[in-house]
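J.: just a sequence and a predicted model for now, questions to come.
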Amino acid sequence: MSATSSSWPLFSRSALCFSVLMADEAKAVARGLRQRDPDLLDRLIEQYQFRLFRYLVHLTGDRERAEDFFQETWLRVLERGHQYDGKWKFEAWLFAIARNLVLDWHRRKKPQSLEALAGPEDSAPFDLADDKQPSALQKVLNSEAVTGVHTSLEKLPIVYREVLILRFQEEMQLEEIASVLNAPLSTVKSRLYRGLEVMRSSMQGGAA
């Protein structure tokens, strides 16, 4: 057997082992939540508290309100832990809970939901380049000051900013983002594409 043919199964086994470990971890979390394990909850809060709070600040634009949603999210995790089945990473389920709380707040505050703020063109289909290739946002990061990136990001409509945050800051896969948003994969791709285009235009306009 050649070196090439023998190395491929080895790589595949490594990838499979990693996938199995991730799945086993998710199932262990699901079991612990069903049992309302307080030690598990403490570990989850310690592991995800920074990322969750950062996400909520981006969604609300208000640190004090983000704090309220942060606390409420973990209460929901404790109350509804039996609903997590381990099919997705825990973080996707966690962020979905947080997002739904913010959506409920938006619906009470305004007649529009977060999705309605995107505009009718949001559902237009787009096919993105291979995730393994350098992204448009990564190219911007390589050529612009980080401060400028954050400034442009904060100016984006929230539905686009949210997808960019989940994809590039939280490093979620597109399927996981779709799970968080409870939206079709095509919608996630569309928002990601349009968000990158708006952000790039904003930065180019600011540099002019």
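T.: Structure received.
J.: lowest-scoring secondary structure element of this protein by mean pLDDT?
T.: helix 136-143 (a mean of 48; mean pLDDT, DSSP states H and E).
J.: just give the number of residues close to A30.
T.: Neighbours of A30 under the rule other CB atoms under 10 Å: 19. (Glycine included, C-beta is placed from N, CA and C.)
J.: meant to ask about L192
T.: Residues near L192, counting by other CB under 10 Å, number 23.
J.: surely it meets R167?
T.: Yes - the criterion here is CB atoms under 8 Å, and L192 meets it with R167 at 6.0 Å.
J.: name the residues contacting each of those two.
T.: Common contact partners of L192 and R167 (CB atoms under 8 Å, 6 or more residues apart in numbering): L174.
J.: next, give phi and psi for E170.
T.: With angles defined as degrees, to the nearest 10, E170 sits at phi -90, psi -10.
J.: where along the protein do the helices fall?
T.: 3-34, 38-60, 63-80, 90-109, 136-143, 146-155, 158-164, 174-181, 185-207 (DSSP state H).
J.: quick one: residues contacting the closest residue to N182 other than its chain neighbours.
T.: Of all residues not flanking N182 in the chain, A96 sits nearest, at 6.9 Å (CB to CB, 6 or more residues apart in numbering). Each residue near A96 by CB under 8 Å, 6+ apart is listed here: 179-182.
J.: what about L40, how many neighbours?
T.: 16.
J.: try A92
T.: 21.
J.: wait, it sits on N182?
T.: No - using CB under 8 Å, A92 is not in contact with N182; the gap is 10.8 Å.
J.: L196 contacts R161, doesn't it?
T.: No - proximity of L196 to R161 does not meet the contact threshold set by CB under 8 Å, at 11.2 Å.
J.: let me see the domain layout of the protein.
T.: Taking automatic domain parsing as the criterion, the chain consists of the domains 13-109, 116-207.
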